[in-house]
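[1] from the sequence below, what's the structure:
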Amino acid sequence: MKKITILLLCCFCFFSSYSQADEHLEDDELLWQFSLGTFWVDSTMAQLVGAESHFSAPGLLIDAKIEYKNFYLNTHSGDFYGGSDLGYQMIIENDWGVDVIMGSYQQPFNENGYYDRDEEVHELKGIKEREADLSLGFAYYLSHGKFQTVAELVFDAFGESDGWLFHLDTTRNFELRNWDVWLNIGANYYSSAFIDYYYGIDADEATAFRPEYVVGNTSSFYVQLQADYPIAQSWVFSAGASGFAYSSHIVESPIVHSRDARVVFMGVKYVF
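    Model prediction:
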């Protein structure tokens, strides 16, 4: 019932705001920006008991921003988990706005941990798969001086948790000689239903060494830094680092070993 209610609310706001949307996006012009690069990525996730949490390998990273009318799709290789956001701009003012947004905020895992592998992790054997959320909600954007602040309230409308989370972050973009630098600091507040779906233990998952456990409301904090340096026409060197930590009580879960995580990457990308 909760999922139906929030979906109806978002649909109502979407259609009621369509005619009021900013005229500069109401034509049929398709706007896009795209970059593709080869990077070395070193990441350590919040460790699950017995599971591999560290990953280090070369890979492709893609950043894209596509806009059509008031709709947009953004990908974020520089964010902590990467990923994409789909949105619709409901209200557009000079220094603030409100969007309807949809995206994922939590990393999935199963008996094998975060990464696909042939054998299951003994300590995680018998747990159900935790699927990625697909959350829907609203984002409020505010530009103040050289900072941009975003507040998001989303509900896992298409996922399995039946929970919600509140996200808040602020970003500062500045130039340092020929470097373009982004500094981002933020926090998340997870409802008990949302975070318990991932790190709680249900009765049918409990064993003698893994008792039932319910995770209460939880918060997390993170900081991200990314820097770009032009090395040739359309070619850019890019590097970034992120640090993340849950509330200390998250390690009380029988399947959680550590509450902190990090990501470091560097490489070269081509900007189209």
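[2] please enumerate the helices of the stretch 151-272 of the chain.
    Remark: helices assigned in the stretch 151-272 of the chain by DSSP state H, counting those that start in this stretch are 192-199.
[3] output the below-cut-off pLDDT ranges for it.
    Counting by pLDDT under 70, the stretch 151-272 of the chain contains no low-confidence range.
[4] show me where it has its strands.
    Along the stretch 151-272 of the chain, counting by DSSP state E, counting those that start in this stretch, strands occupy 164-176, 179-190, 218-232, 235-246, 260-271.
[5] and those: which comes nearest L31?
    L31 sits nearest to strand 260-271 of all the strands of the stretch 151-272 of the chain, at 15.0 Å, using C-beta to C-beta. Just so you know, the C-beta spots here come from the backbone N, C-alpha and C atoms, and that holds for glycine as well.
[6] roughly how far does G103 sit from H167?
    Using C-beta to C-beta, to the nearest Å, we find G103 at a distance of 10 Å from H167.
[7] and D156, what does it touch?
    D133, L134, S135, D162, G163, W164, F194 (C-beta atoms under 8 Å, 6 or more residues apart in numbering).
[8] with adjacent residues omitted, what lies nearest to the fifth one?
    The shortest distance from G163 to any residue other than its chain neighbours is 2.7 Å, reached at F194 (C-beta to C-beta, 6 or more residues apart in numbering).
[9] any idea how far that neighbour lies from F155?
    With the distance defined as C-beta to C-beta, F194 ends up 9 Å from F155.
[10] find residues that contact each of those two.
    Contacts common to F194 and F155, judged by C-beta under 8 Å, 6+ apart, are G163, W164.
[11] quick check: beta-bridge partners of T38?
    Beta-bridge pairing of T38, defined through DSSP bridges, involves L60, V268.
[12] spatially central, which residue of this structure would that be?
    Closest to where the C-alpha atoms of the chain average out (C-alpha atoms, centre = their mean) is Y105, at 4.1 Å.
[13] would you enumerate the residues in contact with that one?
    D133, S135, V154, L165, H167, N188.
[14] turn those into TSV, including distance to E111.
    Written out in TSV, the entries for the contacts of Y105 read as follows (distance: C-beta to C-beta, whole Å):
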residue	distance to E111
D133	19
S135	24
V154	28
L165	25
H167	29
N188	26
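[15] want to throw these into a markdown table with neighbour count?
    Written out in a markdown table, the entries for the contacts of Y105 read as follows (neighbours: other C-beta atoms under 10 Å):
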| residue | neighbour count |
| --- | --- |
| D133 | 26 |
| S135 | 26 |
| V154 | 24 |
| L165 | 25 |
| H167 | 21 |
| N188 | 21 |
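[16] ok, the residues you listed vs G113, which is closest?
    Proximity of those to G113 (C-beta to C-beta) peaks at D133, which lies at 18.2 Å.
[17] confidence score at H24?
    According to the predicted model, the pLDDT of H24 comes to 46.
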